[in-house]
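Participant: I would like the atomic coordinates for the input below:
(chains A and B)
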Amino acid sequence: MLVHLQGPWTPLLGRLTLQQIPFHVPILVVTFIVVAILAAMVLAATTYFGKWGYLWREWLTTVDHKKIGVMYILLGLVMLLRGFADALMIRTQQAMAVGPGSPGEMGAVHGYLTPFHLGQIFTAHGLIMVVFAATPLLVGLMNIIVPLQIGARDMAYPYLNALGLWLTTAGAALVMMSLFVGNFAHGGWYGFVPYFELPYSPGVGVDYWMWTFQLSAIGTSLGSINLIATIVKMRAPGMTWMRMPMFTWASLSTNLIALTSFPVLMVALALLGLDRYVGTHFYTAGMGGNLMLYNDLFWVWGHPEVYFLILPAFGIMSEIIPTFSEKTLFGYVTMVIASFAIGGVSWGVWLHHFFTMAAAPSVNSFYSVTTMLVGIPTGVKVFNWVFTMYRGRVRYELPMLWALLALFLLLVGGMTGMMNAFASNDYMWHNGLFVVAHFHMMVLVIAASIFGAVEYWFPKVFGFKLEQKWGKWFFWFMIIGTGWTFVPMFFLGFAGMTRRLDYIPYTQWSPYLHIMLVGMVFYVVAVLFFVAHLYVSLRDRVKNRVGADAWGTGRSLEWMTHSPVPAYNYAFIPHVNVLDEWAWRKENGLTELHPGDYEGIHMPKNTGVPLFLGMLFMGLGFALIWRIWWLALLCVALIVALIIIRSFDRDTDMTIPAHTVEQVESGARDETSVAMPTAGVRGGTVIAHSILQSGTSGISGSTTSTSPSLAPMDR
Amino acid sequence: MTEHMQDPLNHPEVQLANGRAYLASFIISMLLMTVGLWLAVTHITTPLGTVLMISFLAGVAVIIQGYFILHMDISHAQVWHTVAMVLFLPLFVVTIGLTAWMFHGLYQRTMIMPPAASSMAHMSPMSH
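Facilitator: Next up, the predicted model:
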């Protein structure tokens, strides 16, 4: 051992002992029982319905970008729920533990959570929401939509794509595991040095935090390489840069940010790892170390990261708003420039995360100015969206409602962000709830965009629309919950309340904290409405079946292919003639072009290697957290061996034969012609859609059912 | 789709693999690092001189590795990589430069040391 470890260590189990299982925390015991029952039910149901083979063939081993995207989104939703549960506990604790007379339960002096437990909860809440909820949700959306929008059949590196998914999943699984084995970091999601150094945080919590963070960073970097390569190299013929849909542009900008910033995070965490495992002194106060180095490195990643999250959200809004305004996006070129301006300026603003940490006034002024500069391209975007709606035929369907909510929250979050840009203000309210309320407004912009995107692109992926009634209840309760939770938070910020308190000494803050709790109740009801929304949609899926152009006014290329999208996306790679190709084709009556003879399509084969690599990386993370060296070495050896074995596998591709393509194509067309989209479009516009009447397809007209493995995604 | 069906060994990137170049780059890098270590251990020049010389050696190592290992040159197959690298240089300069600027001001405020102990104290006349 190069470092002094507190507590026992054995060669076989490392630091793992029975005392590390939190039997004494009733909340965790109950959580474990519920999770175990749910897991048993899922496993039993999978076995009972005989779906293991299907699960393995179609999902776990897939390299299909759409299915990987769906799995990313499922992971994101599960982790979003976990992060929400954390938020619920923080709000409850803070509403209970006000004033010296407040009662204490379950070992806590005030409220029901001990400071150590609450610390873990807010750390997990931050980390999960940023890197295990928002990031997978957005990466999943980009995964599904970007190849469709540029007319590609898959990502540039399908195998790498699956690997990114399983590495991220491994990280998420380790976060969940920390609930029941050991504990999680308790000092805040972005970490503090020297507090996170081994002598001051001797437990495994910081190691859990560090390695899960690291795994997700690796996964996201791999994903960003893949998306950049896809966008640069795999666009359909005719799709010049200035014909790319806005969401693809936003994805390109955001992934450039990811590619350049995530490595910095990996270095920052690796140096902390060296300090904790090898005994170096990168971040210590003495021995040549430097505390500020950690803050600097972390936020060199951290601020570009928030633009990594917000740019896809902007891209989503730029897709939804034109579709439901029935107009082309206003100011396309300025939108492109603004996306890259935000990406570019994101590299020069990170110091505003530590304005109050003794930087020189000239430095603070510089970063104040750069931070305010962000407002310019963002303002351009806001005006472009508003002008897109101006004199358009705006339809308030669910995706549009979410986009409008995102637009409104962006104004609130953006304006308060400008207030935070003043370094002088930060001396008043740094580390306070005003900042917390501000960035929650911004992440709610992201959340609203994501829900809008899910509503918007769901029919493209699954072939049926989500129903509207429960979705609208969900939408309105999310708004009410947001208002009741975050307006009081702004007030508390002005009142001077700091973040992460486990006990609030001032009873005059109590009303605000209780109002916030009411907001949380609205959020809980909203979650129930969301579940009802999904359930009713799945139940009524036949009724809500739609064709290729699900909303009737889609503009970009993805609305051209069938809904759900076949495994190969496009039977023929389309030639792109203009920006908003699909809208152009509809205007010119070119929607019903179907080729006479199909060709075989060359596609990558499924492989289980990424899943096994993900599992091994999870094992490696677990071994490193608990310092079980033999297990760590074993996992590394197996990872290297598996990568070498895979690199000698030449049988990684297959060709979908032409007659299968023909079957799938004619089958998909016949099916959609039965259930045409009901007239969701008002205002008397002339809308062409891609539905063919059966029998006019020009090809043999066979209506045989499609083979399961190549058919559009299971519905 | 034909390009996918080729033998991966025929890719220009793979064809550029060259054992002798890898070995040369490895040996040169090791030499440069040894010189850097020697400079740091022996204190043969002033602290500022050491920083500058080690930075110079690191720059040489980056160029050598970029050329020999990553094959960054201006040939048709590889110019893409070189352009990407050049585009990232400003980013590198901005990040390191702004960080250095921050630390420069920070040390004046927080790291009050006897002059002999701090190399930064020599570099920066107290302005502001």
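
Participant: next, the contact list for the residue of the stretch 351-500 of chain A found nearest chain B, please.
Facilitator: When distances are taken as Cβ to the nearest Cβ, the stretch 351-500 of chain A reaches nearest to chain B at A:Ala360, 2.7 Å away. Every residue, glycine included, has its C-beta placed from N, CA and C. A:Ala360 makes contact with B:102, B:104-106, B:108-109, B:128, according to Cβ atoms under 8 Å, 6 or more residues apart in numbering or on different chains.

Participant: how about 6 Å then?
Facilitator: In this structure, A:Ala360 makes contact with B:Gly105, judged by Cβ atoms under 6 Å, 6 or more residues apart in numbering or on different chains.

Participant: next: the one 10 residues further on.
Facilitator: A:Thr370 makes contact with A:348-349 under the criterion Cβ under 6 Å, 6+ apart.

Participant: for it, report the pLDDT, please.
Facilitator: According to the predicted model, the pLDDT of A:Thr370 comes to 93.

Participant: tell me, how many residues neighbour A:His659?
Facilitator: Look at A:His659: counted by other Cβ atoms under 10 Å in any protein chain shown, it has 12 neighbours.

Participant: quickly find the element holding it.
Facilitator: Of the helices and strands defined by DSSP states H and E, A:His659 is found in helix A:658-674.

Participant: and A:Gly111, how far from A:Glu105?
Facilitator: When distance is defined by Cβ to Cβ, to the nearest Å, A:Gly111 is 7 Å away from A:Glu105.

Participant: which one of these two is surrounded by more residues?
Facilitator: Neighbours were tallied for A:Gly111 and for A:Glu105 using other Cβ under 10 Å; the higher tally belongs to A:Gly111 (24 against 11).

Participant: for the stretch 601-715 of chain A, what lies in contact range of chain B?
Facilitator: Applying the criterion Cβ under 6 Å from any Cβ of the partner chain, the portion of the stretch 601-715 of chain A that neighbours chain B consists of A:His602.

Participant: and if you look at chain A?
Facilitator: Where chain A comes near chain B, counting by Cβ under 6 Å from any Cβ, the residues are A:260, A:296, A:300, A:347, A:358-360, A:363, A:602.

Participant: show me those that map onto strands.
Facilitator: Secondary structure of those is defined by DSSP state E; positions in strands are A:His602.

Participant: what's the local residue count around A:Gly483?
Facilitator: Residue crowding around A:Gly483 was assessed by other Cβ under 10 Å; the count is 13.

Participant: that one belongs to a strand?
Facilitator: No. Secondary structure assignment (DSSP: H, G, I helix; E, B strand; the rest coil) places A:Gly483 in helix, not in a strand.

Participant: any idea how far A:Leu444 is from it?
Facilitator: A:Gly483 sits at a distance of 11 Å from A:Leu444 (criterion: Cβ to Cβ).

Participant: then B:Leu31?
Facilitator: Distance of B:Leu31 to A:Leu444, given as Cβ to Cβ: 55 Å.

Participant: more crowded one of these two?
Facilitator: For B:Leu31 and A:Leu444, the more surrounded residue by other Cβ under 10 Å is A:Leu444, and the numbers stand at 21 against 12.

Participant: go ahead and confirm that one touches A:Phe408.
Facilitator: No. Using Cβ atoms under 6 Å, A:Leu444 and A:Phe408 do not qualify as a contacting pair, with a distance of 10.0 Å.

Participant: circling back to that earlier point, tell me how far the helix holding A:His659 lies from the chain's centre.
Facilitator: Mean-position distance between helix A:658-674 and its chain equals 33 Å (Cα atoms, centre = their mean, to the nearest Å).

Participant: let me see the mean pLDDT of it.
Facilitator: Across helix A:658-674, pLDDT averages out at 75.

Participant: that's a helix at A:Arg500, yeah?
Facilitator: No. When the secondary structure is assigned by three-state DSSP, A:Arg500 falls in coil instead of a helix.

Participant: give me the pLDDT for it.
Facilitator: 90.

Participant: thought it was touching A:Phe122?
Facilitator: Yes. Applying Cβ under 6 Å, one finds A:Arg500 in contact with A:Phe122, separated by 5.4 Å.
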